[in-house]
Structures are given as structure tokens and as C-alpha cells.
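A.B. asks: Turn this into a model:
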Amino acid sequence: MEPQSNQKSFLSRLIRNPIAIIGAIGSALVVLANAEPAVNSATALWHRMTATPTNLESTWQGTWKSREGFSFDFAMQLNVADTGAADGQISWKLMVAPPDSPLTKRIGDTGIEYVRGTYDRAHSLAVLDGYEVSDPTLIGTDIYKFQIKSDKISFVGMTKSHGEWTAEANGTVIVTEK
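C.D. replies: This is a model prediction of the structure:
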């Protein structure tokens with residue numbers, strides 16, 4: 001049997017059966033009705049996956065405490081490039097010092113530490129190294145790991161105070177795209 005003959009036979013059966021016609025037209029309409037949302041979703045996903053990451057600006061505020069009994073309030077401004085490279089500064093204010101420490105007389109004093117490192121967007125994790133301080137008699141450089149919690153507004157962290165990951169930090173954070 002020739003292909004043209006098969007097509008004629010199919011069309012003649014289709015014309016004699018109105019339910020088949022309605023079914024074929026209905027199926028075509030369903031496909032067309034769902035095509036736009038499917039294409040829009042696929043387009044949005046493509047744009048999200050191929051978009052260039054933007055630079056971020058973040059403000060972190062919190063409290064740092066050591067096992068030795070020191071406590072500082074701090075505010076950190078951190079800029080993150082689209083590559084994940086991060087740099088910024090931490091403003092420190094001494095709030096508590098052990099009674100036998102020479103820093104007890106300096107409660108309320110402030111200093112600035114300059115930091116750089118990386119920010120992992122997928123895990124909301126900042127890993128930073130301090131490299132300079134404004135007042136080495138009050139504060140020193142440290143190594144930091146700060147992770148933003150799932151609520152997107154608070155964070156927890158640890159610092160490698162004097163070689164051990166024993167000092168803790170926590171507070172709130174605001175991250176905005178630049």
C-alpha cells in the first residue's frame with residue numbers, strides 16, 4: 001500500500017468520526033494552552049543559571065566572645081566581588097575584659113581591623129583573614145568563618161583566636177546586591 005493511500009484512509013476515517021475530530025482539536029488546544037507557561041518557566045530558569053553573579057555589599061553586626069573572658073561588639077562592612085573575593089573592615093568595641101587584664105581600663109575603646117577572603121554564595125559562608133589593625137594595643141588580626149543562617153538575617157561564626165577555633169561570634173547581617 002502506498003503512503004498516500006494510507007493518509008487518505010486515515011483522513012476518511014477521521015471525517016466520519018466527529019469524536020475523533022474533537023479529541024484531536026482538544027489535544028492540540030491543551031498543548032498550545034500549556035506552551036506559554038512552560039516556555040516562560042524554561043526561559044526564567046535559563047536566565048537564572050546563566051546570569052553573571054552580581055557584587056554584594058553586606059553589613060554584619062554582633063558580639064564576639066573568647067574563652068578567656070573578652071567580649072567585643074563589632075560591625076563589619078564586607079564587599080564581595082562577583083568572583084567571591086571579599087574585603088572589608090571590622091569596627092571593634094571592647095565591652096568586657098577579665099579583671100586581671102591590662103585591657104580592663106580600656107573598656108569602651110574602639111579599633112578597626114581590615115579583612116579579606118572569600119564569600120561562598122551557595123553556602124552563605126564568609127572565610128576571612130585579618131591583615132591590619134588600627135590599634136594593635138587593643139585588637140589583633142584573626143581568622144574568621146561566618147555563616148549566615150537559613151533565616152537570611154542572622155549569622156554564627158568562629159574565630160581562630162590565638163591558634164584555636166574557640167572564640168565565637170553571632171549577630172545579624174544584611175546582604176544587598178550592588
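
A.B. asks: got the contact list for residue 169?
C.D. replies: Neighbouring residues of residue 169 by C-beta atoms under 8 Å, 6 or more residues apart in numbering: 62-65, 74, 144, 146, 155-159. All C-beta spots, glycine's among them, are computed from the backbone N, C-alpha and C.

A.B. asks: neighbour-wise, which of these leads?
C.D. replies: Neighbour counts for these (other C-beta atoms under 10 Å) peak at residue 146, which has 25 neighbours.

A.B. asks: Please report how far that one lies from residue 7.
C.D. replies: 69 Å (C-beta to C-beta, to the nearest Å).

A.B. asks: Can you give me the buried ones in the helix or strand where residue 39 lies?
C.D. replies: Element membership for residue 39, per DSSP states H and E: helix 18-50. Of all the residues in helix 18-50, not one is buried under the rule 16 or more other C-beta atoms under 10 Å.

A.B. asks: contacting residues around the next helix or strand after that helix?
C.D. replies: Per DSSP H and E, the first helix or strand lying C-terminal to helix 18-50 is strand 56-65. Strand 56-65 is contacted by residues 71-80, 92, 95, 119, 121, 146, 155, 157, 159, 167-178 when judged by C-beta under 8 Å, 6+ apart.

A.B. asks: The protein: helices as residue ranges?
C.D. replies: With DSSP state H, the ranges of helices along the chain come out as 3-16, 18-50.

A.B. asks: circling back: just curious, which of the contacts of residue 169 is nearest to residue 134?
C.D. replies: The shortest approach to residue 134 among those belongs to residue 74, at 13.3 Å (C-beta to C-beta).

A.B. asks: The closest one and residue 38: what is the separation?
C.D. replies: Per C-beta to C-beta, residue 74 is found 49 Å from residue 38.

A.B. asks: Ok, residue 115 next?
C.D. replies: For residue 115 relative to residue 38 (C-beta to C-beta), the value is 46 Å.

A.B. asks: Scan the helices and strands of this protein for the one with the lowest mean pLDDT.
C.D. replies: Using mean pLDDT, DSSP states H and E, helix 3-16 stands out as the lowest-scoring helix or strand of the chain, at a mean of 70.

A.B. asks: picking that back up, just the closest of the contacts of residue 169 to residue 34, please.
C.D. replies: Proximity of the contacts of residue 169 to residue 34 (C-beta to C-beta) peaks at residue 155, which lies at 42.5 Å.
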